[in-house]
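# Show me the folded form of this:
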Amino acid sequence: MSFISILLALLLEQAKPLPQINPVHNTVRNWVRWVLRNFDAGAKPHAWLAWSLAALGPALLVLAVHWLLLWQLGWIAAAVWNVMILYATLGFRQFSHHFTQIRDALLAGDEVAARAALARWKRMDASELPRSEIVRHVIEHSVLSAHRHVFGVFVWYSILAALGLGPAGAVFYRVTEYLAVFAKRPVKPELPPVSDAVRERALRAWEAIDWLPARVTALSFAFVGSFEDAVDSWRRHEAVHPLDNDGVVLAATAGAVNVRLGEDMDSGALTPEPAHLRAVVGLVWRTVVMWMVFLALLSTARLIG
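I've put the predicted structure just below:
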């Protein structure tokens, strides 16, 4: 079921991408904000309760529907539910339009438009960035987005689906990622305040939850890119920053395509240029193909067994 569900969800997402602002994501955001507004009292026990309720609530609801459909209507109905959830939780098109705008502007030589598009995407001041720094930021943000929107979802969905938990893993991964992002957001009067206890819990939980997916993504990039360089860059970065999941993904990317990324990455790698954007796109799509082949082989083995 995993292979077919992921394949159909990716095809559906390519044909009809989910808008960045949509009812599903809005519902999750409203749920998280409601939970924090009502259960975040500042103490550590309250932080555990608030985080657990916000993260596990949507996942348990999705799991309950999955089991109900499986028992009452059969595996086909459950598979359709899996596709719907995966369609809402993974996909390139939720962020790829930013990448495409910046890439096209750089290839056309319009660095002003590229800086403006980057500023809208990352909500940063890009007015003084040289071209190489524009490319670096685009590569870094695109790779991390691909990891969180696609490969991290693959990992958590595949593991929990194999345990009979349906699409709960995909929902759990994306909601905990949103909780970590929400906890780090700047304070705004219109949003509920986040206590230091919840902020610490959300960030530490996300660090643990993303530990395995980040290394699976890094290893996948190594397999489809320059393996020795990717693993070497990954190993050197992790020796200095052992808990930096994003850094592991970026280090593997830098080695896989031989480009300098991050603040302290390999200085011997090439300076980021617009041509590297195509290399990164190829790296990501080869990784998707590798994952689909791997899942297809697993599904075939289970059917034969």
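# what about Met124, which SS state?
coil (DSSP: H, G, I helix; E, B strand; the rest coil).
# Need the nearest residue in space to it, chain neighbours excluded.
Leu118 (7.3 Å; CB to CB, 6 or more residues apart in numbering). Quick note: C-beta positions are derived from backbone N, CA and C, even for glycine.
# The one you found contacts Gln101, doesn't it?
No. Contact criterion CB atoms under 8 Å: Leu118 and Gln101 do not qualify, at 9.0 Å.
# okay, the two: which has more neighbours?
Just comparing Leu118 and Gln101: by other CB atoms under 10 Å the higher neighbour count belongs to Leu118, 26 against 18.
# can I assume Ala202 is in contact with Ala183?
Yes. If you go by CB under 8 Å, Ala202 and Ala183 touch, sitting 4.0 Å apart.
# any residues in contact with both of the two?
Counting by CB atoms under 8 Å, 6 or more residues apart in numbering, the contacts common to Ala202 and Ala183 are Val194.
# Those two - which one has more neighbours?
Ala202 (27 against 21).
# Report all helices and strands that the helix or strand where that one lies contacts.
Ala202 belongs to helix 196-209 when assigned by DSSP states H and E. On a contact count with 3 or more CB pairs under 8 Å, 6 or more residues apart in numbering; DSSP states H and E, helix 196-209 meets helix 44-72, helix 168-183.
# what's the angle from that helix to helix 44-72?
50 degrees (axes from the mean of the first three to the mean of the last three CA atoms, to 10 degrees).
# Please work out which residues outside helix 196-209 touch it.
Against helix 196-209 from outside (CB under 8 Å, 6+ apart): 36, 40, 42-44, 46-48, 50-51, 55, 156, 172-173, 176-177, 179-180, 182-184, 194, 243, 245.
# Quick one, which of these are buried?
Listed as buried from these are 36, 40, 46-47, 50-51, 55, 156, 172-173, 176-177, 179-180, 182-183, 194, 245; burial here means 16 or more other CB atoms under 10 Å.
# State the pLDDT value of Pro45.
At Pro45, the model reports a pLDDT of 82.
# Regarding the residue nearest to Val280 when sequence neighbours are not counted, what is its secondary structure?
Closest residue to Val280 apart from its sequence neighbours, by CB to CB, 6+ apart: Ile139 at 5.3 Å. For Ile139, the secondary-structure state derived from three-state DSSP is helix.
# Cheers, nothing more for now.
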